[in-house]
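**Student:** Got a sequence here, can you build the structure:
(4 chains)
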There are 2 protein chains.
Amino acid sequence: MRLLLVEDDELLSAPLRHDLEQQGFAVDLAKEGVEAEFMGNEIDYDLIVLDLGLPKRSGIEVLQNWRAEGNTTPVIILTARDAWHERVAGFKAGADDYLGKPFHVEELVVRLQALVRRSHDMLGKGLQSGGLALDEERQQVVLPDQVRLDLTGTEFRLLRCFMLNKDKILSKTRLTEHVYEQDFDRDSNLIEVYIRRLRDKLGKQVIETRRGQGYIYVGVER
Amino acid sequence: MRLLLVEDDELLSAPLRHDLEQQGFAVDLAKEGVEAEFMGNEIDYDLIVLDLGLPKRSGIEVLQNWRAEGNTTPVIILTARDAWHERVAGFKAGADDYLGKPFHVEELVVRLQALVRRSHDMLGKGLQSGGLALDEERQQVVLPDQVRLDLTGTEFRLLRCFMLNKDKILSKTRLTEHVYEQDFDRDSNLIEVYIRRLRDKLGKQVIETRRGQGYIYVGVER
DNA sequence: TGATGATTTTCAGCTTTATTTCATCTCTCT
DNA sequence: AGAGAGATGAAATAAAGCTGAAAATCATCA
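**Tutor:** Down below sits the predicted model:
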């Protein structure tokens, strides 16, 4: 899955790139508009993540030029959380989706996967893993017997993180980083509390404890 | 933009499907009448392209059954160039447009886009969703028992937005964008106020709250 | 134009729910 | 047994949403 990331801010692009690669994308990085336009046209990407607000050439313009060239690669744009006009302009220019900054990497990944699925016409619902399915639309988890449970925002993000990393150990710090924006390192047992809530809702065995290392999502057994 | 293509001739459907997908439609294919009828009723398509002259069940019959079910998805029918009687029958059965075979794909795409626009902008006859119907003329909502309620302009726009997106979470910002043009003062509880008014008129359960996410229209229960 | 009624918008206090903290308990490893 | 890591339940805090009423706006018509 080849992806072009257009982002001028190194502070943002470096970790983002890392996370996306973690998720299995082959990431190319373009740091400014002209370069982005060239790469987007030359290479056949599966996806493009475009940060609006580039220095030289505006992201909108780059996108317009791609579309004018007949390039139909799915594009998701990143905008400031409240820049409504940018989004509209983005859609008009041919964007397929947008995401407001700041965002959780998981959220971006989910949107990207949705875009890929859409563009491949592989209609499918949400993320499925270990016998559970996530319904992003309604922020619910679907159990094997089709029963749906409501989750709170934090519970949902945490569970998504687990489901994206089934059978992998996730340290508490890693989980904290993914569930909460940015830093956040207060010494608190938040993760423990939410692990408990998830276990209450999904069953105790779904998330195992690896003492001293973290937690691991093993899914529900049949 | 989700589209159902009902076409039994593989030689025609395969390239057509490809072209439509190229144009940005998510295409589902039904190869014969019974299947088509089922899919059209189960899935909430934006458009249906229906080839008359299916083997088992006639396309006309399928269309009639959809309409009988209250399904108002825009339907464009494909007929032989000279079969004017089929066209008449098609319109009587509730088709929104027709196209004679053979045709250029571009022509079909243009008609489809026009149809979408028409159905989204004006919804001429009346949108039906979740047991409620809208009377655009009189700006009223029609309850399952045929009782009519007057709505104010804002209430009406808001409800229409919900009915077009049944069972989907709509965030307050998204709703604001639909109900009010352009940008808008962000910190105001207008949406909450109008949600309340709608609930007062339609019943509390019709619109559910997904705290932190938005609202979701689930229709009236039977 | 100015009065009237309808509709839209604002506001402040209230209720509900989610998040976070905290104190205490339990387990496991040495 | 003791120390560290995690679990648990309850309580405090902070958000998000709800509500009723009043103020502002708009439309209509005499």
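
**Student:** What pLDDT is listed against A:I169?
**Tutor:** pLDDT for A:I169: 90.

**Student:** what's near enough to touch it?
**Tutor:** Neighbouring residues of A:I169 by Cβ atoms under 8 Å, 6 or more residues apart in numbering or on different chains: A:R210, A:Q213, A:G214, A:Y215, A:I216. All C-beta atoms are positioned from the backbone trio N, CA, C, and that covers glycine.

**Student:** Give me the buried entries from these.
**Tutor:** Neighbour counting with 16 or more other Cβ atoms under 10 Å in any protein chain shown marks A:G214, A:Y215, A:I216 as buried within the contacts of A:I169.

**Student:** Let me have the contacts of A:I169 in JSON lines, extended by secondary structure.
**Tutor:** Listed next are these as JSON lines, based on DSSP: H, G, I helix; E, B strand; the rest coil:
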{"residue": "A:R210", "secondary structure": "strand"}
{"residue": "A:Q213", "secondary structure": "coil"}
{"residue": "A:G214", "secondary structure": "strand"}
{"residue": "A:Y215", "secondary structure": "strand"}
{"residue": "A:I216", "secondary structure": "strand"}
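
**Student:** Up against DNA strand D, what does chain A have?
**Tutor:** Counting by Cβ under 7 Å from any atom of the strand, chain A comes close to DNA strand D at A:K172, A:N189, A:E192, A:V193, A:I195, A:R196, A:R199, A:T209, A:R211, A:G212, A:Q213, A:G214.

**Student:** Next one: the last one from chain B, what distance?
**Tutor:** Plainly put, A:G214 is 26 Å away from chain B if you go by Cβ to the nearest Cβ, to the nearest Å.

**Student:** ok, now A:E35?
**Tutor:** For A:E35 relative to chain B (Cβ to the nearest Cβ), the value is 27 Å.

**Student:** Also A:H18?
**Tutor:** Counting by Cβ to the nearest Cβ - A:H18 and chain B are separated by 28 Å.

**Student:** neighbours around that residue, how many?
**Tutor:** Taking other Cβ atoms under 10 Å in any protein chain shown as the neighbour definition, A:H18 ends up with a count of 12.

**Student:** and after the one helix or strand it maps to, which helix or strand comes next?
**Tutor:** Element membership of A:H18, judged by DSSP states H and E, is helix A:10-22. Counting by DSSP H and E, the next helix or strand C-terminal to helix A:10-22 is strand A:26-30.

**Student:** what about stretch A:198-209, average pLDDT?
**Tutor:** 93.

**Student:** so does it get close to DNA strand C?
**Tutor:** No. Stretch A:198-209 stays out of contact with DNA strand C when judged by Cβ under 7 Å from any atom of the strand, the minimum separation being 8.7 Å.

**Student:** Neighbour-wise, give me the winner out of the residues of chain A next to DNA strand D.
**Tutor:** Going by other Cβ under 10 Å, A:I195 tops the residues of chain A next to DNA strand D with 19 neighbours.

**Student:** what about whichever strand or helix holds it, near chain B?
**Tutor:** Using DSSP H and E, A:I195 sits within helix A:190-202. No. Using Cβ under 8 Å from any Cβ of the partner chain, we find that helix A:190-202 stays clear of chain B, coming within 14.8 Å at best.

**Student:** What is the distance between stretch A:141-161 and the centre of its chain?
**Tutor:** Remark: stretch A:141-161 is offset 17 Å from the chain centroid, using Cα atoms, centre = their mean, to the nearest Å.

**Student:** closest to DNA strand D among the buried ones among the contacts of A:I169?
**Tutor:** A:G214 (6.4 Å; Cβ to the nearest atom of the strand).

**Student:** what's the burial count for the closest residue to the closest one other than its chain neighbours?
**Tutor:** Distances taken as Cβ to Cβ, 6 or more residues apart in numbering or on different chains place A:S171 nearest to A:G214, at 3.9 Å, with adjacent residues excluded. Using other Cβ under 10 Å, A:S171 is surrounded by 14 other residues.

**Student:** What distance do you get for the closest residue to A:A80 other than its chain neighbours to A:T79?
**Tutor:** Spatial nearest neighbour of A:A80, chain neighbours left out: A:K101 (5.8 Å); criterion: Cβ to Cβ, 6+ apart. Using Cβ to Cβ, to the nearest Å, A:K101 is found at 7 Å from A:T79.

**Student:** okay, the two: which has more neighbours?
**Tutor:** Each of A:K101 and A:T79 has its neighbours counted (other Cβ under 10 Å); A:T79 has more, 22 against 14.

**Student:** For the more buried one, which residues are in contact?
**Tutor:** A:T79 touches A:L52, A:G53, A:E86, A:R87, A:G90, A:Y98, A:L99, A:G100, A:K101, counting by Cβ under 8 Å, 6+ apart.
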